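J.: take a look and give me a structure for this.
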Amino acid sequence: MRDGVPPAFVQLASHPVRWSVLQHLARSDRAVSELTALVDEPQNLVSYHLRQLRDGGLVSARRSSADGRDVYYAIDLAACEAHLRSAGGALHPALALAPAPARPVVARSRRRPRVLFLCTGNSARSQMAEAILVQQSNGAVEAASAGSHPKPLHPNAVRVMRKRGIDISANRTKHLDELASQRFDLVITLCDRVREVCPELPRHPERVHWSIADPAREGDTDRASLPAFERTASELETRIRFLVHQLAAPPHRRLEHATR
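T.: As a prediction, this is how the structure comes out:
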């Protein structure tokens, strides 16, 4: 870095529109039309700034599996974390940020947060997410999962979880109607299709979308699709690591973040 020139991350993220886009994507994957409404700027301007963020490696895009005309944008929080640590150190060694603890403590003095993961079949993504959240929160967060069209548990989901020391082989897949009357603090849709049919739940929990491709569609056989399941599990582990930190924050801090 040349003297007087801020790190590339600082230059990229400091623009007000790009910073606002990053804040909204830090909460949920979004289509460009949603971001346009959220930041209250013309779509061509938002698309321009999204392209800048993608070129800078802070945001990725994936075409919707529900409507191929839509594209979902997602923030790379791990990349942002690394850039922020580096930017602090570039200003002064004492400002280099230490990595956050892998498993923050969710205070047990208050009611356990309840999170519901939804996908189409409840056979892979949502089952894996449920198990990973329970593991990463040390049981301080209560997790559940369901699907709009349940299918049998996928053997590759069992395999990749077993490699991580988690046994989900006895899990039962469920229709989202089974849980529709229960109270949740957060509902996370992992499938673009189920996002469009997700019913309103009691007490209107916050809804977040993570646009994650179905790993079962990436191979003709279980053996062929296994690498896709590994990638999906790794992505879920990263996203959930940041989610646990969010859930560990005091309720008023979580609310502030959600309403930005």
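J.: neighbours of residue 55, how many?
T.: 10 (other C-beta atoms under 10 Å). Where you see a C-beta, it was placed from the backbone N, CA and C, and this is true even at glycine.
J.: and it, how far from residue 61?
T.: 12 Å (C-beta to C-beta, to the nearest Å).
J.: for residue 47, same thing?
T.: 11 Å.
J.: same check, this time on residue 152
T.: Distance, residue 152 to residue 61, by C-beta to C-beta: 32 Å.
J.: gap between residue 137 and residue 247?
T.: Residue 137 is 7 Å from residue 247, where distance means C-beta to C-beta.
J.: likewise residue 67?
T.: 30 Å.
J.: could you do residue 155 as well?
T.: Counting by C-beta to C-beta, the gap from residue 155 to residue 247 is 30 Å.
J.: kindly report the same for residue 193.
T.: 26 Å.
J.: more neighbours, those two?
T.: Neighbours per residue, other C-beta under 10 Å: of residue 193 and residue 247, the larger number sits with residue 247, 21 against 17.
J.: avg pLDDT for stretch 113-133?
T.: For stretch 113-133, the mean per-residue pLDDT is 97.
J.: brain fart, stretch 235-243
T.: For stretch 235-243, mean pLDDT is 96.
J.: may I see the buried residues of that stretch?
T.: Neighbour-count burial for stretch 235-243 flags 235-237, 239-243 (criterion: 16 or more other C-beta atoms under 10 Å).
J.: for the chain, give me the ranges with low pLDDT.
T.: Residue ranges of the chain with pLDDT under 70: 1-3, 100-110, 250-260.
J.: can you pull out the strands in it?
T.: For the chain, the strands defined by DSSP state E occupy 30-31, 59-63, 71-75, 114-119, 142-147, 186-189, 206-209.
J.: ok, residue 248 - how many residues close by?
T.: 20.
J.: tell me the spacing between it and residue 24.
T.: 21 Å.
J.: residues near residue 79, how many?
T.: For residue 79, using other C-beta under 10 Å, the count is 15.
J.: then residue 197?
T.: Residue 197: 14 neighbours (other C-beta under 10 Å).
J.: in this structure it contacts residue 148, no?
T.: Yes - under the criterion of C-beta atoms under 8 Å, residue 197 makes contact with residue 148 at 5.5 Å.
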